[in-house]
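A.B. asks: no sequence on this one, just coordinates:
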């Protein structure tokens, strides 16, 4: 699994007239890569829940989203699984099939909630508008196959 994790002051995802939003916390754009399994899911959930990227009283990045009391917005983004080695057009064959990927994204959301986090979720397989205010900016790339 791959994820782009952004520390945000606020973020929202909209699909048609429906919007889901969070305050301070993390925006997580996530892709399920073909062949991902439980170990990939476990790694990503644990890493996201415990990343210490929020500042403590001394101004040092030393607090997790849970310690902050922040929220998480998880948005499925299969394009993170794109292959870009050849040509100029992305190759999306590395992305897991939707019928496999959707339950894995749901499981990631469940795992984050089980860790005590307040989690909002995007609209799997839909065209979405994502808005955010990146705080810092802090943006990190996670790949469960590159530990």
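C.D. replies: Okay, I see it. Since this is a predicted model, take the numbers as computed values, not measurements.

A.B. asks: for the rest of this, base every contact and every neighbour count on C-alpha atoms.
C.D. replies: OK.

A.B. asks: tell me, what residue is most central in this protein?
C.D. replies: Geometric centre of the chain, nearest residue: residue 28, 2.1 Å, by Cα atoms, centre = their mean.

A.B. asks: and the helices in the protein, which stretches?
C.D. replies: 38-50, 65-68, 98-114 (DSSP state H).

A.B. asks: residue 4 is nearest to which of those?
C.D. replies: For the helices of the chain, distance to residue 4 was read as Cα to Cα. The smallest value, 10.1 Å, belongs to helix 38-50.

A.B. asks: on that earlier part again, ok, the residue nearest to the centre of the chain touching residue 8?
C.D. replies: No - here residue 28 does not reach residue 8: they are 10.1 Å apart, not a contact under Cα atoms under 8 Å.

A.B. asks: so for residue 83, which of the helices of the chain sits nearest?
C.D. replies: Minimum separation from residue 83 across those (Cα to Cα) falls at helix 98-114, 17.4 Å.

A.B. asks: next, the buried residues of that closest one.
C.D. replies: 101, 102, 104, 105, 107, 108, 109, 111, 112, 113 (16 or more other Cα atoms under 10 Å).

A.B. asks: of the residues you listed, which is the nearest to residue 56?
C.D. replies: Of all the buried residues of helix 98-114, residue 56 sits closest to residue 112, with 22.0 Å by Cα to Cα.

A.B. asks: what sits against that closest one?
C.D. replies: Neighbouring residues of residue 112 by Cα atoms under 8 Å, 6 or more residues apart in numbering: 45, 49, 118, 119.

A.B. asks: including neighbour count, could the residues you listed go into JSON lines?
C.D. replies: What follows is these, written out as JSON lines (neighbours: other Cα atoms under 10 Å):
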{"residue": "45", "neighbour count": "19"}
{"residue": "49", "neighbour count": "20"}
{"residue": "118", "neighbour count": "18"}
{"residue": "119", "neighbour count": "20"}
